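here are the coordinates; sequence isn't available:
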């Protein structure tokens with residue numbers, strides 16, 4: 001099994017959640033280490049999907065990357081993770097993320113703070129150890145009494161999807177694995193890994209015990225052109241819609257380009273996520289708004305070129321790589337080429 005490789009199931013928008021069953025089986029046949037599940041509040045609710053993926057597989061790890069701690073009660077989340085842990089015989093990782101502040105505001109939920117995530121992680125670990133939590137009053141909330149089962153002693157990994165330096169540092173000191181964002185430059189990747197590892201060391205942890213995942217768009221030429229554009233231009237444009245300022249500042253890109261992107265009448269006229277609702281013509285237009293430097297932060301070209309790009313992420317500093325944006329079936333040629341390159345280096 002290639003423990004250092006992973007993929008997303010139902011990557012991007014999806015109309016048919018049942019496809020996750022075939023996808024996780026293909027990912028397992030490819031001997032990928034981890035299958036990640038993201039959450040959209042339509043037909044991609046993470047609890048249901050992870051249960052289906054766990055039941056349809058035997059070896060591959062199942063991980064959320066991510067769900068949110070504030071959309072379910074801590075008891076529900078703790079019980080969900082324990083159920084998945086036992087259903088999969090220890091193959092599950094609960095991955096959390098901040099989520100979108102604008103969406104939360106519209107749902108009358110406050111924006112997630114770093115301290116809340118840290119406090120919540122501590123609650124999960126205590127509940128999984130069988131502890132009874134009494135009179136808790138912390139950033140994650142006030143709870144008179146929380147308990148799952150006094151007999152529990154569950155070693156369930158916690159993951160964190162991290163972007164900015166505060167969240168990266170939190171991942172290093174309090175989580176087991178950290179998933180970085182897609183479209184990070186090599187410099188940003190190396191810097192982010194450094195923040196995680198240094199924070200782990202400051203917290204008295206072994207930096208090597210915290211695994212950092214590069215989330216690397218992997219869209220080879222064997223994928224039809226329309227799908228390639230939607231998975232590269234469309235996906236990056238969607239990120240720029242949602243948190244463009246953060247992505248641009250993190251990568252130290254030119255903010256004027258982002259301003260022109262937002263002001264473009266085609267972009268401004270699209271209601272919804274570009275990778276989900278834009279037409280092929282609109283995405284083709286948007287491709288002319290984004291610099292080649294920005295779109296180049298992805299694995300493209302032949303399967304062998306994509307595989308070499310994936311291996312390069314490990315050389316830059318990542319411990320593992322999620323090949324993002326393609327289905328497991330679409331990733332099969334890249335995985336085969338990855339193995340050939342690995343054999344050639346021995």
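Perfect, thanks for sending it. Fair warning: this is a prediction, and the values are worked out from it, not measured in the lab.

what about the closest residue to residue 280 other than its chain neighbours, how many residues close to it?
In this structure, residue 280 finds its nearest non-sequential neighbour in residue 226, 5.4 Å apart by Cβ to Cβ, 6 or more residues apart in numbering. Glycine gets a C-beta too; all of them are placed from N, C-alpha and C. Other residues near residue 226 number 12, with proximity taken as other Cβ atoms under 10 Å.

Please, which helix or strand holds residue 226?
Following DSSP states H and E, one finds residue 226 within helix 225-229.

Could you do residue 36 as well?
Here residue 36, judged by DSSP H and E, is contained in strand 32-37.

how many neighbours does the residue nearest to residue 18 when sequence neighbours are not counted have?
Leaving aside its sequence neighbours, residue 18 sits nearest to residue 52 (Cβ to Cβ, 6+ apart; 7.9 Å). Number of residues near residue 52 (other Cβ under 10 Å) recorded here: 18.

again with the one 3 residues further on
Counted with other Cβ under 10 Å, the neighbours of residue 55 add up to 13.

With adjacent residues omitted, what lies nearest to it?
residue 87 (6.8 Å).

before we move on, the earlier item: residues contacting the helix or strand containing the residue nearest to residue 18, please?
Following DSSP H and E, one finds residue 52 within helix 46-55. With contacts defined as Cβ atoms under 8 Å, 6 or more residues apart in numbering, helix 46-55 is touched by 9-10, 17-18, 20-21, 24, 35, 37-39, 62, 64, 67, 80, 83-84, 87-88, 91-92.

Now do it and strand 32-37, the angle between them.
150 degrees (axes from the mean of the first three to the mean of the last three Cα atoms, to 10 degrees).

moving C-terminal of helix 46-55, what's the next helix or strand?
strand 61-64.

Am I right that residue 337 is in contact with residue 307?
Yes. Counting by Cβ atoms under 8 Å, residue 307 is a contact partner of residue 337 at 3.8 Å.

Which one of the two is surrounded by more residues?
Between residue 337 and residue 307, residue 307 has the larger neighbour count (other Cβ under 10 Å), namely 25 against 20.

residues of the helix or strand where that one lies that come out buried?
Element membership for residue 307, per DSSP H and E: helix 303-316. Buried residues in helix 303-316, defined by neighbour count with 16 or more other Cβ atoms under 10 Å: 303, 304, 306, 307, 308, 309, 310, 311, 312, 313.

what's the closest non-adjacent residue to the fifth one?
Taking Cβ to Cβ, 6+ apart as the measure, residue 308 lies nearest to residue 341, with 6.4 Å between them; neighbours along the chain are not counted.
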